[in-house]
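Peer 1: Got a predicted structure plus its sequence, pasted below:
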Amino acid sequence: MSSRSLEPAGETPRDFKSLRELILARRDDMPKRLVQVADYAVAHPQEIAFARVADLAQAAGVQPSTLVRFAQSLGYSGFSDLQAVFRAHARRRWPEYRERLEQLGEPDAADPADPSPAGLLAGFVHASRVSLDHLEQTVEPEALERCIALLCEARNIVLLGNRRVYPVALYLLYALRRLGVRAECLDNAGSLAERHADLLGEGDVVLAISFTPYAADTLALATAAAKGGARVVAITDSPFSPLTQLAETWLEVAETDHAGFRSLSATFALATTLAVAVAERRAHRP
């Protein structure tokens, strides 16, 4: 083992670009296990940002203590200190909408988007097509079946989605009710969402939807519902999403973006599938 590999870096990076450069520069001097962590961190920054230490250690093939050693070798006080840099990077990947508009067609961008209406339409159609193709190729039939089975067993289906995915929750509410399935939306009307979540329990199934950067309200309400005895299923974008720790089963959707804007094409396709499949199965069960 090289003693140099465990020496803290002279200056601890607080931005992802500098941190990535430091990891790559020091990789050859690291012991084998730290190299495994370094390679995993560079290849999976989003997972490093949001996953639990135990899950990351398993994915990287090391012990949890190795993650702490890796962080300290780079000058951080611990793994959570290092993780904060990855978390800030993940959130900056999706800036405020005004910033995204300002970046359209910038000449210094690596891949500037055509800001004309026709160019935008072509870009969004292409991104939607890629998202739908990916969903069709990667959705796990067993997970889809488990999700539908849980929703069919529910006394009451409770839909939870905030911010960008709120329209998906509203659409599911509309579709399920039109198909004769009892459902309600767990929103914050009257500032009663937290109280509503606390009242959920056995017989209720929460369908929670959240993508990076994960909505804190969605995670908090899903956690409260699960503590009360409700069962949770999730639609999310990564095995390392915080929702996967709460859900009995979950479905992965990775939406492709164009010019920093992600469509919901694949998510709506999956939502429609769930609504129709649940209603059809309920109609034919004995």
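Peer 2: Here it is on my side, so go on. Numbering: from 1, shown residues only.
Peer 1: Would you indicate which residues of stretch 19-37 are buried?
Peer 2: Within stretch 19-37, the residues that qualify as buried are 19-20, 22-23, 26, 30, 33-37, counting by 16 or more other Cβ atoms under 10 Å. For the C-beta atoms, the positions are set from N, CA and C on the backbone; glycine is no exception.
Peer 1: Over to stretch 179-197?
Peer 2: Residues 181, 183, 185-187, 193, 196-197 are the ones in stretch 179-197 that count as buried (16+ other Cβ under 10 Å).
Peer 1: Can I get stretch 278-286 as PDB, trimmed to CA atoms?
Peer 2: Only the C-alpha atoms of stretch 278-286 are listed here, as PDB (Å, rounded to 0.1, in the frame of the first residue of the first chain):
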ATOM      1  CA  VAL A 278     -55.000  -2.000 -12.600                       C
ATOM      2  CA  ALA A 279     -58.500  -1.200 -13.800                       C
ATOM      3  CA  GLU A 280     -58.600  -4.200 -16.200                       C
ATOM      4  CA  ARG A 281     -57.400  -6.600 -13.500                       C
ATOM      5  CA  ARG A 282     -59.800  -5.300 -10.900                       C
ATOM      6  CA  ALA A 283     -62.700  -5.700 -13.400                       C
ATOM      7  CA  HIS A 284     -61.900  -9.400 -14.000                       C
ATOM      8  CA  ARG A 285     -61.000 -10.600 -10.600                       C
ATOM      9  CA  PRO A 286     -63.400 -12.900  -8.800                       C
END
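Peer 1: Show residues contacting it.
Peer 2: Stretch 278-286 has contacts (Cβ atoms under 8 Å, 6 or more residues apart in numbering) with 148, 151-152, 157, 176, 179-181.
Peer 1: could you give the mean pLDDT of stretch 276-286?
Peer 2: For stretch 276-286, mean pLDDT is 89.
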